[in-house]
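Engineer: model the following, please.
(one chain, ligands or ions: 1)
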Amino acid sequence: MDAPNEFAPRPSASAPVWFDRPRLEPFPPLAGRASYDVVVVGGGLCGLLVALLLARGGRSVVVLEARRIGAGTSGHTTGKVSLLQGTKLSRVLRRNPPSVARAYVEAGREGQAWLRRFCHEHDVAVETRHATTYATTRVGLLRAEGELAAARTTGLGVRWKRSSELPFRVLGAVRLDGQYQLDPLQLLDAVRDAALAEGVVVHEDTRMVGVEHRGDGVVVRTDAGEVTAGTAVVATNQPTLLRGAFFARLQPQRSYAATLAADWTPRGMHLSADLQTRSLRSVRAGVGEELLMIGGSGHVTGRGSATERLDRLLGWAATTFPGAQVRHVWSAQDQSPVDGLPYVGPVVPGDHRIQVVTGLDKWGLSTAPAAALLLAASLLGGSEPAWGRALRTWAPREVLAAGRAAVVNAEVGWRMACGHARRVLRADKAPLCPHLGGVLVWNGAEESWDCPLHGSRFGSDGAVLEGPATRALE
Ligand SMILES: Cc1cc2nc3c(=O)[nH]c(=O)nc-3n(C[C@H](O)[C@H](O)[C@H](O)COP(=O)(O)OP(=O)(O)OC[C@H]3O[C@@H](n4cnc5c(N)ncnc54)[C@H](O)[C@@H]3O)c2cc1C
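Structural biologist: This is a model prediction of the structure:
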C-alpha cells in the first residue's frame, strides 16, 4: 500500500500516557475449535465487564480480542468517570423525552457507583474530582446554559459558576462535584484479572470475521479458528456486524489527546461547551510528577485532515500554556449514536443469541458498567433495571431519531459517490474499504488509511486497526 507524502506533525499521534508502564505477556490466539456458554467478542471495557459478570453468574465464557486488551478505545480514553458529560444531556434531551434522558443519567449513576466499588475492591486508584462544562465564547455560553437546564431536568445536582480555576477567561461553567478520574489501563488490567479469576478464557490476536446461528446457539468464526456457544456478545465498539445495521445509526468520532509538562495542572476535570471542544484534567506520571492532559479536535473519522486537527489542538496548547513540553500524543475513536443513547441488547429484535454493545459516545467509562449490568441481568435471567430502556436496542425511542439517521446516511451516500468520482476522474489509487466499498483517505497524523463512511481504519501495511471492517486491505 503506497502511502502518499503528507506533512506529519511532530510529535505524531502514538501511545497514550497509560502505556508508559510495561505490558503483560500477550494471551495466545484461539487455535482450532472450542465451545463455551458465551463468547464475548472484543476485549475492551464493555467486553471484559460482560465476561466478568457472566462468569460470576456461572457461565463458561471466552473473550476474543482482535489485537490486544487496551488496543481499542478503552486503553486510549482520558479516564474521566463523570455524569456531567460536556453537552451530552442537551443532545439526549433534544432527541428523547425527559423520562428517557433521566433513565440515561440513572444508568450512568449506577455504572459509575459499581465501577467505584470495583476499583476500591481491586486496588485501582481513583481520584475524586469536580467536573465542569465551561464556556469561553458566546455560543459556548448558550450551550453551557442549555446543559445546566438539561442536567437539572435529569436530576443532576449541578451548580452554575461564573468563574473557574482555568488559567484563561471563562464566561461561565456548569459544575458537578463528586466525580472521579482514573487510569483506564490499570482498570482494564484489574477487570481482566478479576475475569480470569472467575475462569474466563482470553484469546488475543483473534479477529472475528463472522457470526452465524447454528442449532440453538451461534458459531463465531475468526481468523484463527471458531467458537460455538449459546450466546455471542459483540462488544467490538465499532459495529462489526452488517446484521442489525447499527453502522447506519452511528457516526465514528475521532479525537486527539496529549499530555504536557506544564506550570499549571487542574484540580477538576473540564470540558468546554464551545464549538471547538477542549478537555483538561491532571494525570500522575512517574514518581511525584503531575502532567496536564488535554483533548479535543474531534471530527468524523476519515473526514477532514487529521493532521490539521492535531496541529490545532497542539497549537492551542502552545499558546495557552507557553513553555509547556509535549510528552504524549494519541488519538482514538468512539461511536456516536444518532439518538444520543447507547445500543445494548439483541442485534435484531427477538434474537437473544447475538447481543451487541455499542454507541457509548465518548462516555463509556460510566455507561460500560451499566451496559454490562443490563446484559448480565438479561442473559442470567435477572430483572431488568428501570433505566434499561434508555440503553436497549430496538426501543421505541429510536423512531424519534429516524430523521437524523436519514441525514447521516445521506451524507454517507454522498461521500461514497464523491470518493468514487474522484477515483475515476483523477485516477486516484486510494484503496477501497472491504466493509462497504468506501474510498479510503490517507491520515498523515497517524499513518493510516481511514474510511469516511463508517470509520474503519487500516495500517499502511493494510492490517485492520478499527472496524467495522473485519478483513485487511488486499
Ligand atoms: C479520545 C477519547 C477519549 C475518551 N475519554 C473518555 C472519558 O474520559 N470518559 C469516558 O467515560 N469515556 C471516554 N471515552 C469513551 C470510552 O473510552 C469508550 O466509550 C469505551 O472505552 C468503549 O469501550 P468498548 O469496550 O465499547 O470499546 P473498545 O475499548 O474499543 O473495545 C472494543 C475491542 O474490540 C476489539 N475488536 C474490534 N473488532 C473486533 C473483531 N472483529 N474481533 C475481535 N475483536 C474486535 C478491539 O480491538 C477493541 O479492543 C473516550 C473516547 C475517546 C475516543
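Engineer: only C-alpha atoms from now on, for both contacts and neighbour counts.
Structural biologist: Will do.
Engineer: how about the strands in the stretch 1-150 of the chain?
Structural biologist: Ranges of strands in the stretch 1-150 of the chain, per DSSP state E, counting those that start in this stretch, are 32-41, 61-64, 80-81, 126-135.
Engineer: quick check: which of the ones you listed is buried the most?
Structural biologist: strand 61-64 (a mean of 28; mean count of other CA atoms under 10 Å).
Engineer: tell me if it is near the ligand.
Structural biologist: Yes: for strand 61-64 and the ligand, the contact criterion (CA under 6 Å from any ligand atom) is met by residue 64.
Engineer: any low-confidence regions in the chain?
Structural biologist: 1-13, 427 (pLDDT under 70).
Engineer: so which residue is dead centre in it?
Structural biologist: residue 334 (3.5 Å; CA atoms, centre = their mean).
Engineer: which residues sit against stretch 144-153?
Structural biologist: 84, 86-90, 93, 98, 102, 133-135, 157-160, 172-174, 273 (CA atoms under 8 Å, 6 or more residues apart in numbering).
Engineer: is it true that residue 223 touches residue 209?
Structural biologist: Yes: using CA atoms under 8 Å, residue 223 is in contact with residue 209, at 6.6 Å.
Engineer: near the ligand, which residues of the stretch 1-150 of the chain are found?
Structural biologist: So the stretch 1-150 of the chain meets the ligand at 41-47, 64-67, 69-74, 77-81 (CA under 6 Å from any ligand atom).
Engineer: ok, 5 Å please
Structural biologist: 42-46, 65-67, 72-74, 77-80 (CA under 5 Å from any ligand atom).
Engineer: and if you look at the stretch 301-450 of the chain?
Structural biologist: 332, 333, 334, 360, 362, 363, 364, 365.
Engineer: find the nearest non-adjacent residue to the last one, please.
Structural biologist: Residue nearest to residue 365 in three dimensions, not counting chain neighbours: residue 81, with 5.7 Å by CA to CA, 6 or more residues apart in numbering.
Engineer: my guess is that neighbour contacts residue 111, does it?
Structural biologist: No: if you go by CA under 8 Å, residue 81 and residue 111 don't touch, sitting 9.5 Å apart.
Engineer: can you list residues touching both of the two?
Structural biologist: Common neighbours of residue 81 and residue 111 (CA under 8 Å, 6+ apart) are residue 366.
Engineer: re the thing from before, residue 239 versus the residue nearest to the centre of the chain, what's the distance?
Structural biologist: Look at residue 334 and residue 239: by CA to CA, to the nearest Å, they are 11 Å apart.
Engineer: swap in residue 26?
Structural biologist: Distance of residue 26 to residue 239, computed by CA to CA: 25 Å.
Engineer: higher neighbour count, these two?
Structural biologist: The neighbour count for residue 26 versus residue 239, taken as other CA atoms under 10 Å, is higher for residue 239 (28 against 13).
Engineer: does that one sit in a helix, a strand or a coil?
Structural biologist: coil (DSSP: H, G, I helix; E, B strand; the rest coil).
Engineer: residues in contact with it?
Structural biologist: 246, 247, 358, 467, 468.
Engineer: let's go with 6 Å and repeat that
Structural biologist: Residues near residue 239 by CA atoms under 6 Å, 6 or more residues apart in numbering: 246, 247, 468.
Engineer: same thing with residue 135?
Structural biologist: Residue 135 makes contacts with 141, 170, 171, 172, 272, 273, 274, as judged by CA under 6 Å, 6+ apart.
Engineer: how is the protein carved up into domains?
Structural biologist: 17-76+186-248+340-401, 127-182+251-337, 403-466 (automatic domain parsing).
Engineer: of all those domains, which one is nearest residue 115?
Structural biologist: domain 17-76+186-248+340-401 (6.7 Å; CA to CA).
Engineer: contact residues of the stretch 151-300 of the chain facing the ligand?
Structural biologist: Residues of the stretch 151-300 of the chain lying near the ligand (CA under 5 Å from any ligand atom): 207, 208, 236, 237, 255.
Engineer: mind running it again at 8 Å?
Structural biologist: 181, 205-210, 222, 235-238, 240, 253-257, 295-296 (CA under 8 Å from any ligand atom).
Engineer: among the residues you listed, name the ones in strands.
Structural biologist: Under the assignment DSSP state E, those contribute 181, 208, 209, 210, 222, 253, 254, 255, 256, 257, 295, 296 to strands.
Engineer: filter the residues you listed down to the buried ones, PyMOL style.
Structural biologist: Restricted to buried positions by 16 or more other CA atoms under 10 Å, the PyMOL selection for these reads:
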select buried, resi 181+208+209+222+253+254+255+256+257+295+296
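Engineer: what is the nearest of the ones in strands among the residues of the stretch 151-300 of the chain next to the ligand to the ligand?
Structural biologist: Of all these, the ligand sits closest to residue 208, with 3.8 Å by CA to the nearest ligand atom.
Engineer: okay, and the beta partners of that closest one?
Structural biologist: Here residue 208 sits in beta bridges with residue 222, going by DSSP bridges.
Engineer: how close does it sit to residue 68?
Structural biologist: Going from residue 208 to residue 68 by CA to CA gives 14 Å.
Engineer: just the strands in the stretch 251-400 of the chain please.
Structural biologist: 269-272, 278-284, 290-300, 325-337, 343-346, 354-358.
Engineer: can I get the ones you listed in CSV including distance to residue 415?
Structural biologist: Formatted as CSV, the strands of the stretch 251-400 of the chain follow (distance: least, CA to CA, whole Å):
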stretch, distance to residue 415
strand 269-272, 29
strand 278-284, 28
strand 290-300, 12
strand 325-337, 18
strand 343-346, 25
strand 354-358, 23
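Engineer: to residue 457, which of these lies closest?
Structural biologist: strand 325-337 (10.3 Å).
Engineer: return the set of buried residues in the closest one.
Structural biologist: In strand 325-337, counting by 16+ other CA under 10 Å, buried: 326, 328, 329, 330, 331, 332, 333, 334, 335, 336, 337.
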